[in-house]
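Enquirer: let me see the structure of the following:
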Amino acid sequence: MPRITRLFIRTGLIWFLFSLATGLLSTLDLASLPVLMPLFWHMLTVGWITQIIMGVSIWMFPGRTREEGIRTQPRPWTAFLALNAGLVLRVGAEPFAAGPPDAAAGVILGLSGFLQLTGAAAYLLEIWPRVQSKEKRRRQRKKEREQRRAAKEQSSGRKNSAN
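Expert: Below you'll find the model as predicted:
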């Protein structure tokens with residue numbers, strides 16, 4: 001399982017625990033803050049469910065590179081980092097935005113939304129080309145094999161002409 005997939009899944013599980021704790025807090029009379037339920041739902045849907053789906057689909061859809069790291073897989077890493085940075089900003093700013101109007105909280109929430117949108121866009125750019133029919137995938141693999149074969153023959157032809 002690729003490192004980015006493991007990170008998506010583990011981080012999703014952590015958000016799941018945070019969302020459960022927030023949901024539990026929202027049911028207690030001691031902490032009946034109206035802001036807790038939107039945070040609960042956001043952490044549950046974006047933090048847990050969305051990240052689990054993203055991580056597993058990046059792993060399972062054909063066409064991913066076997067090399068790991070942010071340089072070889074910039075879009076999945078951008079999706080992971082932007083989505084989680086946006087979630088952290090949302091969790092931090094939401095309580096302040098629920099009270100009296102606060103310009104700083106509004107700016108942070110806007111940045112949070114932008115980061116989450118950036119994460120979703122990076123994910124879509126990564127997954128969209130992988131959603132192909134079997135026939136199209138076969139043709140693509142055949143073309144790649146022919147290109148490798150031609151490059152190999154061309155390089156061996158250069159070696160023979162040098163001798």
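
Enquirer: what packs against the helix ranked longest in the chain?
Expert: Taking DSSP state H as the criterion, the chain has its longest helix at helix 134-162. Under the contact criterion of 3 or more CB pairs under 8 Å, 6 or more residues apart in numbering; DSSP states H and E, helix 134-162 touches no helix or strand at all. For glycine as for every other residue, the C-beta is placed from the backbone atoms N, C-alpha and C.

Enquirer: report the buried residues of that helix.
Expert: By neighbour count on 16 or more other CB atoms under 10 Å, the buried set for helix 134-162 is empty.

Enquirer: average pLDDT for it, rounded please.
Expert: Helix 134-162 comes out with an average pLDDT of 81.

Enquirer: now do stretch 1-20
Expert: Over the span of stretch 1-20, the pLDDT mean works out to 95.

Enquirer: just the CA coordinates of it, formatted as PDB?
Expert: Output in PDB follows, covering the C-alpha atoms of stretch 1-20 (Å, rounded to 0.1, in the frame of the first residue of the first chain):
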ATOM      1  CA  MET A   1       0.000   0.000   0.000                       C
ATOM      2  CA  PRO A   2       1.500   3.400  -1.000                       C
ATOM      3  CA  ARG A   3       2.600   5.800   1.700                       C
ATOM      4  CA  ILE A   4       0.200   8.500   0.600                       C
ATOM      5  CA  THR A   5      -2.700   6.000   0.900                       C
ATOM      6  CA  ARG A   6      -1.600   5.000   4.400                       C
ATOM      7  CA  LEU A   7      -1.500   8.700   5.400                       C
ATOM      8  CA  PHE A   8      -4.900   9.400   4.000                       C
ATOM      9  CA  ILE A   9      -6.400   6.400   5.800                       C
ATOM     10  CA  ARG A  10      -4.700   7.000   9.100                       C
ATOM     11  CA  THR A  11      -5.500  10.700   9.100                       C
ATOM     12  CA  GLY A  12      -9.100   9.900   8.200                       C
ATOM     13  CA  LEU A  13      -9.200   7.600  11.200                       C
ATOM     14  CA  ILE A  14      -7.900  10.400  13.400                       C
ATOM     15  CA  TRP A  15     -10.500  12.800  12.100                       C
ATOM     16  CA  PHE A  16     -13.100  10.100  12.800                       C
ATOM     17  CA  LEU A  17     -12.000  10.000  16.400                       C
ATOM     18  CA  PHE A  18     -12.100  13.800  16.600                       C
ATOM     19  CA  SER A  19     -15.600  13.900  15.100                       C
ATOM     20  CA  LEU A  20     -16.900  11.300  17.600                       C
END
